[in-house]
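Have a look at this prediction, sequence included:
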Amino acid sequence: MAKEKTIYTCTECGGTSPKWLGKCPHCNAWNTLIESVAESTSPVKNRYSTPFQSLAKASEVTALADIDATDMTRTPTGHEELDRVLGGGIVEGGVVLIGGDPGIGKSTLLLQALDSLQRTGLNTLYVTGEESGAQVALRSRRLGLHGSQVKVLAETQLEKILATLEATQPAIAVIDSIQTVYSEQLTSAPGSVAQVRECAAHLTRAAKSSGVCIVLVGHVTKDGALAGPRVLEHMVDTVLYFEGDTHSSFRLVRAIKNRFGAVNEIGVFAMTEKGLKGVTNPSAIFLSQHSEPVPGSCVLVTLEGTRPMLVEIQALVDGGGPSPRRLSVGLDRDRLAMLLAVLHRHAGVACADQDVFVNAVGGVRISEPAADLAVMLAITSSLRGKPLPKGFIAFGEVGLAGEVRPAPRGQERLKEAAKLGFSVAVVPKANAPKKNDKAFEGLTIHAVERIEQAMELVRSLN
């Protein structure tokens, strides 16, 4: 018997190599090539090419101006935070991919959403490949979803799932998870790159042709990225990531890609005994409740998608040694080192021999440069041992020349701070509102152009 030919497939991009390599030649990822049996190429030829292919007629093309474009109809899920991330609700024929760490709440949230949609009269289907129907029923009872009419199918074979979708015609179907689904047309094991890619392609095609909204639950790697080929994220319409510490009661759902809405939107949930509940005022999570101002604490108004949120930035400057440490949690460590250099050069604040620790409270991750000014003021406050004034906020990007650059949508940030009762704000000059604007009553706004002006202003306020 002839020996089966083996190839090595990359788990990140799906690229193949005839021999094992430490680094994938296609995406340059390390240690991602796994051995698998090569698929026969003859079925592929029969499937995609015919002897009469050259006789096929060309398809008609249409100008953009002649296409009747209408907004997609959205169906709310009954959970405001989830609807915010999705862009307003589920879309007919849309495909959503949601990933997150094990036990973080993906199945819980989707089961709650299906139950809410079912109670509005929609036909729903929950396909579970990791649990039995009894386990799903037990979870629904723990969540208080008594009398739920959500249809459950415990199946992992793709062909049977597609046949069930065609027979039941649900408005929304959840596949939990795509890594457990397999097709008999392929000989590779469930969860392999070929199986995940092929099954997702068939499910996406079924969603577009039938109009059912399909939600795919995906596993994640130890690095936090979605497991399987990267092409999986390109095939779907929306990619959501579940974030948060399993030891904390709060969860964040972040939209990384959304063809029907804004990206980088987040939904904030709290894990309770009855499942996940939306948090309408997430700023309260990320602000510590100090009875009096403490040194090293500065409140930042950051943007997560279209939502302004107040996050507390804490800094601790302590006596170091010959090799001082620079550690940041929730912020970019390289940017912290750059800000310390700007602080020394343009504001005369030296931390070269000090350990500097910076933390974004609540486990939130901040990637926008508008946090620069708040980080520098928190570091200076900790170094001097003097707290910032009560009700103080700051935001703005700081350049290498010491200039304070404007942050996008500064007016909305200031309105959010004024609404929550903050009284003093240090902002870039370009973000300063016009005088006598009633939207900022009770908030004293100081506009600065350079970092040294901000430092002098804070000293005068103390």
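Here it is on my side, so go on.

Only C-alpha atoms from now on, for both contacts and neighbour counts.
Noted.

Which of the helices or strands spans the closest residue in space to D318 that isn't next to it in sequence?
Beyond its immediate neighbours in the sequence, the residue positioned closest to D318 (C-alpha to C-alpha, 6 or more residues apart in numbering) is D355, lying 5.2 Å away. According to DSSP states H and E, D355 maps onto strand 354-360.

ok, that strand: who's next to it in the sheet?
The partner list of strand 354-360 in its sheet, established with DSSP bridges, is strand 307-319 (antiparallel), strand 326-329 (parallel).

among the ones you listed, which is the most enclosed?
Most buried of those by mean neighbour count (mean count of other C-alpha atoms under 10 Å) is strand 307-319; its value is a mean of 22.

where's that one relative to the chain centroid, distance-wise?
21 Å (C-alpha atoms, centre = their mean, to the nearest Å).

Return the residues in contact with G191.
178-182, 228 (C-alpha atoms under 8 Å, 6 or more residues apart in numbering).

Could you do L145 as well?
Applying C-alpha under 8 Å, 6+ apart, one finds that L145 lies in contact with 112, 115.

related to what we said a few turns ago, so for K151, which of the strands paired with strand 354-360 sits nearest?
Taking C-alpha to C-alpha as the criterion, K151 comes closest to strand 307-319 out of those, the separation being 35.0 Å.

Residues in contact with the closest one: which ones?
Residues external to strand 307-319 that are found in contact with it (C-alpha under 8 Å, 6+ apart): 265, 282-284, 286-288, 296-303, 351, 353-361, 374-375, 378-379, 382-383, 412-413, 416-417.

Before we move on, what's the pLDDT of the nearest residue to V193 once chain neighbours are set aside?
What sits nearest to V193 in space, not counting adjacent residues and going by C-alpha to C-alpha, 6+ apart, is G228, at 5.5 Å. If you check G228, the pLDDT there is 71.

do S36 as well
Value listed for S36 in the pLDDT field: 74.

just checking, what packs against the helix or strand containing it?
Here S36 is covered by strand 33-37, with elements defined by DSSP H and E. Of the remaining helices and strands, those touching strand 33-37 by 3 or more C-alpha pairs under 8 Å, 6 or more residues apart in numbering; DSSP states H and E are strand 6-10.

Tell me which helix or strand comes right after the strand it packs on.
The helix or strand immediately downstream of strand 6-10 is strand 16-17, counting by DSSP H and E.

if I pick V301, what's in contact with it?
So V301 contacts 308-311, 393-395, 413-414, 417 (C-alpha under 8 Å, 6+ apart).

Which residues does L33 form beta bridges with?
According to DSSP bridges, the partner residues bridging L33 are C10.

wait, doesn't it sit right on G14?
No: taking C-alpha atoms under 8 Å as the contact criterion, L33 and G14 are not neighbours in contact, 9.1 Å apart.
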